[in-house]
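*Asks:* Return atomic coordinates for the entry below.
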Amino acid sequence: MPRLIFTNDSQKTFLQLVRVSSGLSNEELAQLCEVSGRTFRDWVRGKYNISKSAAQSLSEKFSVPIPENTAEVNDYWYVNK
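*Replies:* Residues are numbered from 1 along each chain as shown. Sure, this is the predicted structure:
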């Protein structure tokens, strides 16, 4: 599952805009993304990178654009060959 790499705090900002736009809690948004509440909170904190499918789903459902300065990376992008 590809991941999106956001610059600076833009992942946090994107997810906060989604939360405000949707009026849903982090737990409810996590259920929509089919992840645990902890994973979603880690996405908000920037500890982990959000999956591309979750970001696209949230963007489409709540009309919040994904910032253009994101990079898409494949699974295990961090492992040196």
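*Asks:* For the rest of this, base every contact and every neighbour count on C-alpha atoms.
*Replies:* Will do.
*Asks:* Surely residue 64 is within a strand?
*Replies:* No: the assignment for residue 64 is coil, going by DSSP: H, G, I helix; E, B strand; the rest coil, so no strand is present there.
*Asks:* Leaving aside the residues adjacent along the chain, what's closest to it?
*Replies:* In this structure, residue 64 finds its nearest non-sequential neighbour in residue 18, 6.3 Å apart by CA to CA, 6 or more residues apart in numbering.
*Asks:* For the one you found, give me its contacts.
*Replies:* Counting by CA atoms under 8 Å, 6 or more residues apart in numbering, residue 18 touches 58-59, 62, 64.
*Asks:* again, 10 Å this time
*Replies:* Residues counted as contacts of residue 18 (CA atoms under 10 Å, 6 or more residues apart in numbering) are 12, 24, 26, 29, 55, 58-59, 61-65.
*Asks:* Residue 54: helix or strand, and which one exactly?
*Replies:* helix 52-62 (DSSP states H and E).
*Asks:* Please pull up the helix or strand immediately following that helix.
*Replies:* Sequence-wise, the next helix or strand downstream of helix 52-62 (DSSP H and E) is strand 71-73.
*Asks:* in that following strand, what's buried?
*Replies:* By neighbour count with 16 or more other CA atoms under 10 Å, strand 71-73 contains the buried residues residue 73.
*Asks:* who does that strand pair up with?
*Replies:* Applying DSSP bridges, strand 71-73 is found paired with strand 3-5 (antiparallel).
*Asks:* coming back round to it: between the contacts of residue 18, which sits nearest residue 48?
*Replies:* residue 12 (10.8 Å; CA to CA).
*Asks:* distance of the closest one from residue 79?
*Replies:* Counting by CA to CA, to the nearest Å, the gap from residue 12 to residue 79 is 25 Å.
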